[in-house]
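> Predicted model and sequence below, questions to follow.
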Amino acid sequence: MDQYSYYLEKFGEYGEVMQVNYPIVSAIGLPSARLNEIVVFDSGDHGQIFSLHHDTASILLFSQTKLKTKAKLARTGRYIQTPVGKELFGHIINPFGQPLSSGVTKPQTEEERPIDIPPLGIGRRLKINKQLITGTALVDIMLPIGKGQRELVLGDRKTGKSSFVLNTVKHQINEGTVAVYAAIGKKTSDIKQLEAFMNVDDRKDNMVIVASGAYDSPGLIFLTPFAAMTIAEYFRDQGKDVILILDDLLTHAKFYREFSLLAQTFPGRDSYPADIFYVHARLLERAGNFKHPEAGEASITCLPIAETQEGDLTSYIVSNLMSITDGHLLFDYNVFTQGRRPAINIPISVTRVGKQTQDKVSKDINRELSGLFAVYERVENLSHFGSEMTDSVKSIFSTGDKIYSFFNQEIGVIITKEVSLIIFSLIWLHVFTDNSQVEAARKNMLLSCAKEENRMFLRSLLNVETFNQLLKNVTDHKDKILTLCKQPVN
């Protein structure tokens, strides 16, 4: 952007800094200034007009420079934009497109877009009707996510939220989906880990990371998810499906609260500004499933992350996000300590539109499992009676235990839909006698599916209308299926 003298000459207006409460600067002058307009200081720093008063303007700084009073500034007539384009693939950038990796030049793109625009109206949207396969069996069967859905990922620290999200990104990139990851106010080590993840298996050909560090300007951190959404919209407009991760929006809200209070914005609940719900809703509503003139439809599936404190779902930001999104996955610390991975609390987690994307067989299985788990939770308390339990209670307890063992999934392992449904059918038919057989069968079948002929065989078994028909297919071909479960293919 051109310097202060250019815009001073162009508009003939200048302002003067009266007070500095970093990252908020109060200035007088600039009689024609507009809200959200970019201003440039005589030091070369830039900021955005955050609020306008009778004779002063509050300006949000994007740099870490400590400006002094009496510094001069000029309006630019421009608004914040971020570069977009396929040239960003494989790069870690800040919201202005500057690379964060050392020794990397700024990617040259042909287009820039405003980062804060209204969401598209209902006339441009389509019903969410395709399932987004995460590669995590528990989610894909019990809590399915649709392409274009906004599914909140909740949980305390170190309960597996990021591992689940990265596993989903990994599988979706393999499926040809574009991934955009917003790392909001993260530690440098976390950003380095994301970079290492992106550089594995050519993921950089379909992935962009928009990041801001914990010690960056709060203004820059605030812009991070908006820039990531804008980049996701560009690829959507190219007819591609996009998965967008916002990690995390609680951090985003805290930094917004910080500079809002410094700008003397009237505080609301928990001292957050009154428009925090609007800010997040305006951002998340930009995701969805949309009409596309060539591809027919293109989606932005958004997985915002929010950290909870001791599993509290009633905190202000968390409850806001739960009401904005189409459901949530709760990573529960108590489930985590029981050794279940992923540590998702199934009864408390919700998917509001995902189940409509499942086929009839998956819906039948979902319904059967929901009923089984409801009974399993009740009979689990009776397990200490041992041999005194009735045969029906023993059967429910044994089946539920094997299904939980099947859902127990190591980090980095991706379970395809056909493997999930076939293994589940074998459990339902009581083919396995213990949990170790379930784990071995799943592992070997995944290895067997490296061969296209085996994968096509399993898919042919799923070409049915009901769960009962699937069970019949599995029974008829049980010997061949068990061969795939017992003999891994090298």
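Noted; the coordinates are in hand. Numbers count the residues shown, from 1 in each chain.

> Ala211 belongs to a helix?
No. Judged by DSSP: H, G, I helix; E, B strand; the rest coil, Ala211 forms no part of a helix; its state is strand.

> Spatially nearest residue to it (excluding sequence neighbours)?
The shortest distance from Ala211 to any non-neighbouring residue, by CB to CB, 6 or more residues apart in numbering, is to Ala183 (3.9 Å). For every residue, glycine as well, the C-beta is placed using N, CA and C.

> Provide the count of other residues in contact range of that neighbour.
When neighbours are counted by other CB atoms under 10 Å, Ala183 registers 26.

> Ser102 too?
By other CB under 10 Å, the residues close to Ser102 number 5.

> in the lengthiest strand in the chain, what's buried?
In the chain, ranked by residue count with DSSP state E as the criterion, the top strand is strand 296-307. Using 16 or more other CB atoms under 10 Å as the test for burial, strand 296-307 gives 297-307.

> Give me the next element, helix or strand, following the lowest-mean-pLDDT helix or strand in the chain.
Lowest on mean pLDDT, DSSP states H and E among the helices and strands of the chain sits helix 391-407, with a mean of 85. Toward the C-terminus, helix 391-407 is succeeded by helix 417-428 as the next helix or strand (DSSP states H and E).

> Off-centre distance for that following helix?
The chain centroid and the centroid of helix 417-428 are separated by 27 Å, computed with CA atoms, centre = their mean, to the nearest Å.

> who touches whatever helix or strand comes next after that helix?
Per DSSP H and E, the first helix or strand lying C-terminal to helix 417-428 is helix 435-448. For helix 435-448, contacts defined as CB atoms under 8 Å, 6 or more residues apart in numbering pick out 401-402, 405-406, 408, 413, 415-416, 419, 422-423, 426-427, 432, 454, 458, 482, 484-489.

> could you redo the last one with a cut-off of 10 Å?
For helix 435-448, contacts defined as CB atoms under 10 Å, 6 or more residues apart in numbering pick out 137, 398, 401-410, 413-416, 418-420, 422-424, 426-427, 431-432, 454-455, 457-458, 481-490.

> ok, and for the following helix or strand past the longest strand of the chain, which residues are buried?
Counting by DSSP H and E, the next helix or strand C-terminal to strand 296-307 is helix 316-324. Along helix 316-324, these residues count as buried under the neighbour rule (16+ other CB under 10 Å): 316-318, 320-322, 324.

> distance of the nearest residue to Gln358 once chain neighbours are set aside from Lys187?
The shortest distance from Gln358 to any non-neighbouring residue, by CB to CB, 6+ apart, is to Pro144 (5.4 Å). Distance, Pro144 to Lys187, by CB to CB, to the nearest Å: 33 Å.

> Ok, Ile300 next?
Relative to Lys187, and taking CB to CB, Ile300 is found at 27 Å.

> okay, which residue is most central for this protein?
Leu303 (2.4 Å; CA atoms, centre = their mean).

> residue contacts, that residue?
132, 134, 145, 149-153, 161, 164-165, 168-169, 181, 243-247, 287, 325, 329.

> Recalculate using a threshold of 8 Å.
Contacts of Leu303 (CB under 8 Å, 6+ apart): 150-153, 165, 168, 243-246.

> Considering those, which is situated nearest to Tyr22?
Closest approach to Tyr22 among these (CB to CB): Leu246, at 25.6 Å.

> All the helices of the stretch 101-250 of the chain, residue numbers only.
Ranges of helices in the stretch 101-250 of the chain, per DSSP state H, counting those that start in this stretch, are 137-142, 161-174, 188-198, 218-237, 249-262.

> most packed of those helices?
Neighbour counts (mean count of other CB atoms under 10 Å) averaged over each of the helices of the stretch 101-250 of the chain peak at helix 218-237, with a mean of 25.

> Could you check the angle that helix makes with strand 296-307?
For helix 218-237 against strand 296-307, the angle by axes from the mean of the first three to the mean of the last three CA atoms, to 10 degrees is 150 degrees.

> Report the inter-axis angle for helix 218-237 versus helix 249-262.
Going by the same axes, to 10 degrees, helix 218-237 makes 130 degrees with helix 249-262.

> Please renumber the chain so that the first residue is 20 from this point on.
All right, first residue 20 from here; so that's helix 237-256.

> Quick check: mean pLDDT of helix 237-256?
Averaged across helix 237-256, the pLDDT comes to 97.

> Within the helices and strands, which one has Glu484?
Assigned by DSSP H and E, Glu484 belongs to no helix or strand.

> any idea of the pLDDT on the spatially closest residue to it that is not a sequence neighbour?
Spatial nearest neighbour of Glu484, chain neighbours left out: Lys379 (5.5 Å); criterion: CB to CB, 6+ apart. Per-residue pLDDT puts Lys379 at 93.

> how close does Lys379 get to Asn482?
In terms of CB to CB, Lys379 sits 12 Å off from Asn482.

> Looking at these two, which is more packed in?
Taking neighbours as other CB under 10 Å, Lys379 and Asn482 compare with Lys379 leading, 13 against 10.

> what's that one sitting at in phi/psi?
phi -60, psi -40 (degrees, to the nearest 10).

> That one is in contact with Gln488, isn't it?
No. Counting by CB atoms under 8 Å, Lys379 stays clear of Gln488, with 9.6 Å between them.
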